[in-house]
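J.: Fold the stuff below for me.
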Amino acid sequence: MITVADYERAELDVSLREMKRGWRIHAAVYAVVMTGLIILNLVLVAQTDDDFLWFFFPLVCWGIGLTMHYLGVTRWGARDVRRRHAAIEREAESSAR
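T.: Sure thing, here's the model as predicted:
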């Protein structure tokens, strides 16, 4: 039989694993899309008289979002899950009354 502490630890581990999976998916989509945008921009520069390299803008801006996602998972993920546990416990206590 498992204890409440065992359950909470297992749920924390599962939640963190899901968060990390979400970040890996985000990073893979970022890599694919940025590769496409870089290729598109370089082809347009080579085929037209335009010489503006604009792919840096989405690369940097989306990169900031990806970095924040990473920090949210690695630095603050466990804290957020524990905060969620506390909110669920408060809700359960208030509905049990």
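J.: Check which residues of the worst-scoring helix or strand of the chain on mean pLDDT are buried.
T.: Across the helices and strands of the chain, mean confidence by mean pLDDT, DSSP states H and E is lowest for helix 77-96: a mean of 88. Buried residues in helix 77-96, defined by neighbour count with 16 or more other CB atoms under 10 Å: G77, V81. C-beta coordinates here come from the backbone N, C-alpha and C atoms, glycine included.
J.: Then stretch 12-25?
T.: By neighbour count on 16+ other CB under 10 Å, the buried set for stretch 12-25 is L12, S15, L16, M19, W23.
J.: got the CA positions of the one helix or strand L71 maps to in CSV?
T.: According to DSSP states H and E, L71 maps onto helix 56-74. Once non-C-alpha atoms are left out, helix 56-74 reads as follows in CSV (Å, rounded to 0.1, in the frame of the first residue of the first chain):
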residue,chain,number,x,y,z
PHE,A,56,17.2,36.8,-36.8
PHE,A,57,14.0,38.4,-35.5
PRO,A,58,11.9,35.2,-35.0
LEU,A,59,15.1,33.3,-34.1
VAL,A,60,15.8,35.6,-31.1
CYS,A,61,12.2,36.3,-30.1
TRP,A,62,11.0,32.8,-30.1
GLY,A,63,14.3,31.8,-28.6
ILE,A,64,13.5,34.0,-25.6
GLY,A,65,10.2,32.2,-25.2
LEU,A,66,11.9,28.8,-25.5
THR,A,67,14.4,29.9,-22.8
MET,A,68,11.6,31.0,-20.5
HIS,A,69,9.8,27.7,-21.1
TYR,A,70,13.1,25.8,-20.2
LEU,A,71,13.5,27.9,-17.0
GLY,A,72,9.9,27.3,-16.1
VAL,A,73,10.4,23.5,-16.3
THR,A,74,13.9,23.2,-14.8
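J.: Many thanks, we can stop here.
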